[in-house]
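Student: Build me a model from this:
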Amino acid sequence: EFDTTIMKGETFEGNLIENDSTISRLLTASNGCDSIVVIHLTIETSSINTIEVIKGIKVFPNPAHHTLNIETNFEVAEDLNIQLTDLLGRPIQIFQQSGVLKGSFQLNISTLTPGIYLLVFNTKEGRAVRKVIKS
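Tutor: Predicted coordinates for the structure are as follows:
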């Protein structure tokens, strides 16, 4: 069983998620053994601060193969903590940027396995989450 958090209105495996949900999948290994995976999806509600932080961050291209570009446009300088996680919220990489206001920087994702990841942005003002696809 896995627990993960997504924003209301995001898609998971092509399905629009509007409420907390539980999804079960039957996985069959190449040797014929079956496993049932249960994923509990919890909808994260946005606060005013989260909305403000989300407005100040752009991530592109998406999907990306080698590099993710991040543009910021904050009203005041922010210390920015960025976590790249898998869909279960397990940290893969952590990045720190101090005194971020307006500008851009790049994250190298060339060594990641293709799939879906989350970029979690944290500042003293709030939190933003972006889903990114590594092709």
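Student: And the most centrally placed residue in the chain, how far from residue 32?
Tutor: The C-alpha lying nearest the average C-alpha coordinate of the chain belongs to residue 118 (Cα atoms, centre = their mean; 1.8 Å). When Cβ to Cβ, to the nearest Å is the yardstick, residue 118 and residue 32 sit 33 Å from each other. No exception for glycine: its C-beta is placed from N, CA and C like everyone else's.
Student: Excluding chain neighbours, what is closest to residue 100?
Tutor: Residue nearest to residue 100 in three dimensions, not counting chain neighbours: residue 80, with 4.6 Å by Cβ to Cβ, 6 or more residues apart in numbering.
Student: Wait, that neighbour touches residue 101, no?
Tutor: No. Shown here, residue 80 and residue 101 do not form a contact pair, counting by Cβ atoms under 8 Å, at 10.2 Å.
Student: ok, and the closest non-adjacent residue to residue 61?
Tutor: Going by Cβ to Cβ, 6+ apart, residue 61 has residue 69 as its nearest residue, at 7.3 Å.
Student: make that residue 78, sorry
Tutor: Closest residue to residue 78 apart from its sequence neighbours, by Cβ to Cβ, 6+ apart: residue 123 at 4.3 Å.
Student: Could you say which helix or strand holds residue 87?
Tutor: Mapping residue 87 onto the secondary structure by DSSP states H and E places it in no helix or strand at all.
Student: Look up how far residue 74 lies from it.
Tutor: 27 Å.
Student: swap in residue 81?
Tutor: Per Cβ to Cβ, residue 81 is found 14 Å from residue 74.
Student: Mutual contacts of these two, please.
Tutor: Residues touching both residue 81 and residue 74 (Cβ atoms under 8 Å, 6 or more residues apart in numbering) are residue 123.
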